[in-house]
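Pasting the sequence and the predicted coordinates here, then a few questions.
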Amino acid sequence: MKLMFDFKTTYDPRAREFIINTPSCNTHSGFFPAQYQRDQSRGPRIYSTDKRCRWHICPNIRIADCGHKIGLNGVDNGRIWFDDVRIPRENLLNSVADVSPDGEYLSAIKDPDQRFAAFLAPLTAGRINIAVSAIYSAKIGLAIAIRYALSRQAFSIAPNQPEVLLLDYPSHQRRLLPLLAKTLAPLNSYCKRKDFGT
């Protein structure tokens, strides 16, 4: 996932609000702006904010539709821009780090790399599941193709001989078996990771 580090939030301790700015377009459904505390980047954070107020776009927010996603027309992708949008401090989803009312950055995880990893950890399972769904789709297609190749006969080697199964032809094997190996290898790896809980 590309995280846009020119997509920034800064904290205003007097108003106890975050100010969100997007210099360039954001193409993500959720937004992960880099949080700045006293001109120092603290890495990306997740915030909750409304983009619509009674069916109208909220002030200082612009949105645009990206159109259909190839193969996933039910998934809606869009762009969103924030121009000095203010949200309450409480809208920071703070499982990894928080900001005190006076603007002090607080986190139990001191190492920035470990904090970044903890922030992204919930997204990892979703990304793995997308890949596994693709693998299962390929597995179903290959199962159909291989079953058909094991039942369909075409041409005989000699007159008055039974016809040969499609899968007995080397050209058919060269088409299907490498794809079968490519499908089963990652699936095996995924199952091992799932069993060990990693």
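Cool, the structure landed. Note that this is a predicted model, so its numbers are computed, not measured.

Tell me the spacing between the nearest residue to G67 once chain neighbours are set aside and S133.
Counting by Cβ to Cβ, 6 or more residues apart in numbering, G67 lies nearest to N77, which is 7.8 Å off, once chain neighbours are set aside. All C-beta spots, glycine's among them, are computed from the backbone N, C-alpha and C. As defined by Cβ to Cβ, to the nearest Å, N77 lies at a distance of 18 Å from S133.

out of those two, which sits in the busier spot?
Neighbour totals were compared for N77 and S133, and N77 leads with 13 against 10 (other Cβ atoms under 10 Å).

in this structure, which helix or strand is least confident?
The weakest-scoring helix or strand in the chain, judged by mean pLDDT, DSSP states H and E, is strand 34-37 (a mean of 66).

mind checking the longest helix of this protein?
Scanning the chain for the helix with the most residues, using DSSP state H, yields helix 112-151.

tell me which residues in that one are buried?
Buried residues in helix 112-151, counting neighbours by 16 or more other Cβ atoms under 10 Å, are found at 115-116, 118-120, 135, 138, 142, 145-146, 149.

and of these, the nearest to N160?
Set against N160, the nearest of the buried residues of helix 112-151 by Cβ to Cβ is A149 (23.7 Å).

List the residues that contact that closest one.
Contact analysis of A149 by Cβ atoms under 8 Å, 6 or more residues apart in numbering lists 165-167, 172, 176.

So among those residues, which ones count as buried?
166-167, 172, 176.

What about the residues you listed, which are in helices?
Where those overlap with helices, as defined by DSSP H, the overlap consists of 172, 176.
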